[in-house]
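J.: all I have is the shape, not the residue letters:
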């Protein structure tokens with residue numbers, strides 16, 4: 001049985017546009033999974049990203065959202081997303097460090113899951129314009145458990161300094 005899921009992709013290191021586009025292709029190659037839609041790419045300033053220890057500016061992020069249809073369970077899909085990150089060279093030296101690639105499972109059907117390894121809906125997505133804008137682009141009528149319609153969550157404050165680049 002196929003299930004609808006939404007995945008956020010982001011990068012701010014090693015040619016971020018290339019990294020996000022490569023991750024989209026990797027999503028389409030997952031077993032028993034189809035890439036249905038992908039958003040435009042959005043350029044955003046870092047959010048909750050600690051300052052570089054040498055006070056170098058933290059590079060901007062490239063973000064996008066993809067809709068997939070999959071036979072994978074939420075946990076299997078999350079593991080597949082981690083494998084895509086690892087293949088790209090993702091390291092986690094500290095929380096919210098700059099990254100080659102970040103793949104977050106945002107929504108899986110209308111499931112609400114709270115476990116040690118997975119929280120659905122993604123716990124911070126409703127506060128992040130760089131997730132909401134590309135999600136709204138590909139699924140404007142979407143309503144998510146707990147928070148409601150995506151459209152109602154988008155505010156000028158969450159949308160400022162986010163630029164659609166393609």
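T.: Perfect, I can see it now. Everything numeric here is computed off the predicted structure, so don't read it as measured data. Numbers count the residues shown, from 1 in each chain.

J.: what about residue 70, neighbour count?
T.: For residue 70, the number of neighbouring residues by other Cβ atoms under 10 Å comes to 24. For every residue, glycine as well, the C-beta is placed using N, CA and C.

J.: likewise for residue 56?
T.: 9.

J.: roughly how far does it sit from residue 98?
T.: Shown here: residue 56 relative to residue 98, a distance of 10 Å by Cβ to Cβ, to the nearest Å.

J.: now the phi/psi pair for residue 132, please.
T.: phi -60, psi -40 (degrees, to the nearest 10).

J.: assess the claim that it and residue 126 are in contact.
T.: Yes - under the contact definition of Cβ atoms under 8 Å, residue 132 touches residue 126, with a separation of 7.4 Å.

J.: scan this structure for its longest helix.
T.: Counting residues, the longest helix in the chain under DSSP state H turns out to be helix 74-88.

J.: okay, now the sheet partners of the helix or strand just after it, with direction.
T.: Under the assignment DSSP states H and E, the closest C-terminal helix or strand after helix 74-88 is strand 102-108. Strand partners for strand 102-108, identified by DSSP bridges, are recorded as strand 3-11 (antiparallel).

J.: give me the contacts around the lowest-mean-pLDDT helix or strand in the chain.
T.: Taking mean pLDDT, DSSP states H and E as the measure, helix 156-159 is the helix or strand of the chain with the lowest mean score, a mean of 90. Contacting residues not belonging to helix 156-159 are listed as 127, 128, 129, 132, 133 [Cβ atoms under 8 Å, 6 or more residues apart in numbering].
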